[in-house]
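J.: Have a look at this fold, sequence not included:
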């Protein structure tokens with residue numbers, strides 16, 4: 001299984017991540033599963049709701065953010081298929097905190113942002129037993 005996302009949407013993730021720097025930025029991935037792959041069709045970006053002192057290495061999407069995402073996905077005939085967030089000045093690998101709050105089945109795109117510039121995004125899937133993340137390939141499309 002791969003995560004298919006257009007170069008334009010990937011650029012939007014990078015721009016949101018750079019705008020949030022030096023804090024973490026986050027949002028939801030909307031799309032569908034097609035032929036075994038997840039296809040991202042739309043993004044919803046949110047302000048980081050974590051308390052200001054923790055935003056540099058934590059993000060928080062509120063229950064209202066998730067509800068808005070589910071409602072918007074339903075309106076568009078899509079599903080919420082994952083979350084994207086940034087790691088300011090850190091590798092784009094999930095943290096233990098990320099693992100504790102993740103849900104199996106969703107894609108977690110993490111973008112590493114160094115000195116205010118998005119460097120690279122990687123996608124991760126939480127194992128069914130919640131013990132670890134496994135990398136999911138990203139296939140950028142036109």
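T.: Sure thing, it's come through. Just so you know, these numbers come straight off a predicted model, no measurement behind them.

J.: just the helices in this protein please.
T.: Secondary structure of the chain (DSSP state H): helices at 7-20, 63-76, 96-101.

J.: Most tightly packed of the ones you listed?
T.: Neighbour counts (mean count of other Cβ atoms under 10 Å) averaged over each of the helices of the chain peak at helix 7-20, with a mean of 18. All C-beta atoms are positioned from the backbone trio N, CA, C, and that covers glycine.

J.: So what's the gap between it and the chain middle?
T.: Here the centre of helix 7-20 is set off from its chain's centre by 11 Å, with Cα atoms, centre = their mean, to the nearest Å.

J.: Summarise which helices and strands that helix is packed against.
T.: strand 26-34, strand 37-46, strand 79-88, strand 107-114, strand 117-126, strand 133-141 (3 or more Cβ pairs under 8 Å, 6 or more residues apart in numbering; DSSP states H and E).

J.: Could you export those to a markdown table, including columns for distance to residue 71, mean pLDDT and mean neighbour count?
T.: Below are those laid out as a markdown table (distance: least, Cβ to Cβ, whole Å; pLDDT from 0 to 100; neighbours: other Cβ atoms under 10 Å):
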| stretch | distance to residue 71 | mean pLDDT | mean neighbour count |
| --- | --- | --- | --- |
| strand 26-34 | 11 | 97 | 21 |
| strand 37-46 | 10 | 97 | 19 |
| strand 79-88 | 10 | 98 | 23 |
| strand 107-114 | 20 | 98 | 22 |
| strand 117-126 | 24 | 98 | 18 |
| strand 133-141 | 26 | 96 | 14 |
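
J.: Out of those, which is closest to residue 12?
T.: strand 37-46 (5.6 Å; Cβ to Cβ).

J.: what's that closest one in contact with?
T.: Contacting residues not belonging to strand 37-46 are listed as 1-6, 9, 12-13, 16, 25-33, 61-62, 65, 68-69, 72, 76, 78, 81-82, 84, 107, 139 [Cβ atoms under 8 Å, 6 or more residues apart in numbering].
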